[in-house]
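Colleague: structure of the sequence below:
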Amino acid sequence: MDRLMAMQVFVAVVDGGSLSAAAGQLDLSRPVVSRYVAELEDWVGARLLHRTTRRLSLTPAGNEILPRCRQMLEFSDDMRHALDTPDETPRGLLRITASTSFAQTQLIQAVVDYGRRYPGVAVDLLALDRTVNLVEERIDLAIRMTNRLEPNLIARPLGVCRSIICAAPDYLAHHGTPRKVEELALHNCLTHSYVGRSLWQFDPKKVHGKGGKTRTAAQSQSVAVGGSISANEVTVLLQAVLAGVGIGHMPAYAVAPLVASGRLVQLLPDFEPLQLGMYGVYASRKHMPATLRTMLDFLAQRFAGQPF
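Modeller: Have a look, this model is predicted:
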């Protein structure tokens with residue numbers, strides 16, 4: 001059996017909605033299409049399609065196999081194009097996902113600059129505030145801020161994401177300024193739905209002394225927090241913080257300019273909110289296209305030295 005062809009037929013059947021549609025698309029007879037599907041089912045050891053007189057639908061096994069078939073076909077296509085471009089100049093489509101706040105404030109400019117260097121690459125940037133399944137949603141690269149990596153994915157460190165505890169001057173004028181970590185429990189803290197929703201953790205900052213020596217300003221601490229607003233997106237919380245509603249735990253990449261301009265005030269300067277690693281996450285090291293490899297190199301060089 002030509003397994004690659006069988007996968008192509010299976011994908012065509014699903015996309016077309018019928019054996020006949022796949023036969024027309026691939027210029028095959030309907031019996032040949034049916035045989036390829038049956039042979040693929042024999043090979044994987046499970047039924048992939050429910051067949052009725054009116055419609056086809058995927059079985060649970062079919063739902064599992066379909067994204068893998070698409071991935072294999074993409075790998076095959078990459079191999080063919082690799083022979084056409086022996087200089088390995090990046091060409092083609094690269095699908096990237098990141099949080100809305102990071103996409104807006106940092107990633108889009110990086111993508112623009114990457115495109116100037118590699119004009120043969122088109123980027124499909126998905127700003128999403130949820131964790132995506134890279135294989136099922138056909139994502140080449142996900143930018144994630146986390147200290148808990150999924151074991152089944154490959155992750156390349158790109159930098160560090162630092163955070164700032166901050167509030168608007170108007171909020172502090174009405175409610176006072178917390179001087180200690182534990183005092184945050186007495187304030188209206190606006191929290192992220194997925195990151196530190198009820199517990200904010202802090203590491204002590206390193207203080208540089210004479211002779212290049214460093215000392216620890218204080219001990220690590222954590223505090224239970226809560227407030228009137230929780231949201232799943234940084235830019236939404238940021239608007240509430242700017243409006244003087246409460247105190248925010250914000251990524252530095254989003255609020256550093258606002259602190260510098262005085263629109264927000266940094267709180268608890270001797271403590272640093274727990275840092276998150278910034279990673280480029282992808283599904284497999286095998287058959288890595290030049291587009292993905294060069295984008296990872298580009299982002300690692302760009303963000304490794306940033307004060308995130």
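Colleague: tell me where the model's unsure across this protein.
Modeller: 1, 53, 80-87, 196, 205-218, 286-287, 305-308 (pLDDT under 70).
Colleague: tell me the domain ranges of it?
Modeller: 3-67, 92-161+277-303, 163-274 (automatic domain parsing).
Colleague: can I assume residue 154 is in contact with residue 292?
Modeller: No. Assessed by C-beta atoms under 8 Å, residue 154 is found out of contact with residue 292, at 10.5 Å. Backbone N, C-alpha and C define where each C-beta goes, glycine included.
Colleague: overlap of the contact sets of those two?
Modeller: residue 282 (C-beta atoms under 8 Å, 6 or more residues apart in numbering).
Colleague: wait, which of the domains of the chain is closest to residue 77?
Modeller: domain 92-161+277-303 (9.0 Å; C-beta to C-beta).
Colleague: show me where the stretch 201-308 of the chain has helices.
Modeller: 234-242, 252-261, 290-303 (DSSP state H, counting those that start in this stretch).
Colleague: any chance of these in TSV, plus mean neighbour count?
Modeller: Listed next are those as TSV, based on neighbours: other C-beta atoms under 10 Å:
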stretch	mean neighbour count
helix 234-242	19
helix 252-261	17
helix 290-303	18
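Colleague: to residue 79, which of those lies closest?
Modeller: helix 290-303 (12.3 Å).
Colleague: then that closest one to PDB, C-alphas only?
Modeller: The C-alpha coordinates for helix 290-303 follow below in PDB (Å, rounded to 0.1, in the frame of the first residue of the first chain):
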ATOM      1  CA  ALA A 290      13.600  26.500   7.200                       C
ATOM      2  CA  THR A 291      10.800  28.900   8.000                       C
ATOM      3  CA  LEU A 292      10.400  27.600  11.600                       C
ATOM      4  CA  ARG A 293      14.100  27.200  12.200                       C
ATOM      5  CA  THR A 294      14.900  30.800  11.100                       C
ATOM      6  CA  MET A 295      12.000  32.300  13.000                       C
ATOM      7  CA  LEU A 296      13.100  30.500  16.200                       C
ATOM      8  CA  ASP A 297      16.700  31.800  15.700                       C
ATOM      9  CA  PHE A 298      15.400  35.300  15.000                       C
ATOM     10  CA  LEU A 299      13.100  35.500  18.100                       C
ATOM     11  CA  ALA A 300      15.800  34.000  20.400                       C
ATOM     12  CA  GLN A 301      18.300  36.600  19.300                       C
ATOM     13  CA  ARG A 302      15.700  39.400  19.600                       C
ATOM     14  CA  PHE A 303      14.200  38.600  23.000                       C
END
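Colleague: packing partners for that helix?
Modeller: When contacts are defined as 3 or more C-beta pairs under 8 Å, 6 or more residues apart in numbering; DSSP states H and E, helix 290-303 packs onto strand 92-98, helix 108-117, strand 121-127, strand 141-146, strand 154-161, strand 276-282.
Colleague: now for the fifth one, which elements pack on it?
Modeller: Translated: strand 154-161. strand 141-146, strand 276-282, helix 290-303.
Colleague: pipe these into a markdown table and attach distance to residue 126 per row.
Modeller: Converted to a markdown table, these look like this (distance: least, C-beta to C-beta, whole Å):
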| stretch | distance to residue 126 |
| --- | --- |
| strand 141-146 | 9 |
| strand 276-282 | 14 |
| helix 290-303 | 14 |
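Colleague: wait, which of those is closest to residue 238?
Modeller: strand 141-146 (15.5 Å).
Colleague: who's in contact with the closest one?
Modeller: By C-beta under 8 Å, 6+ apart, strand 141-146 touches 94-99, 102, 107, 131-132, 134, 155, 158, 161, 195, 251, 276-282, 292, 295-296, 299.
Colleague: pull out the buried members of the residues you listed.
Modeller: With neighbours counted by 16 or more other C-beta atoms under 10 Å, the contacts of strand 141-146 contain buried members at 94-99, 102, 107, 134, 155, 158, 161, 195, 251, 276-282, 292, 295-296, 299.
Colleague: need phi/psi at residue 190.
Modeller: The phi and psi torsions at residue 190 (degrees, to the nearest 10) take the values phi -90, psi 120.
Colleague: nope, residue 17 is what I meant
Modeller: phi 90, psi 0.
Colleague: same thing with residue 104?
Modeller: The phi/psi pair for residue 104 (degrees, to the nearest 10) is phi -70, psi -40.
Colleague: would you agree it is in contact with residue 127?
Modeller: Yes. Between residue 104 and residue 127 a contact is recorded at 7.0 Å, counting by C-beta under 8 Å.
Colleague: can you say which of the helices and strands packed on strand 154-161 is nearest to residue 75?
Modeller: The nearest among these, by C-beta to C-beta, is helix 290-303 at 12.1 Å.
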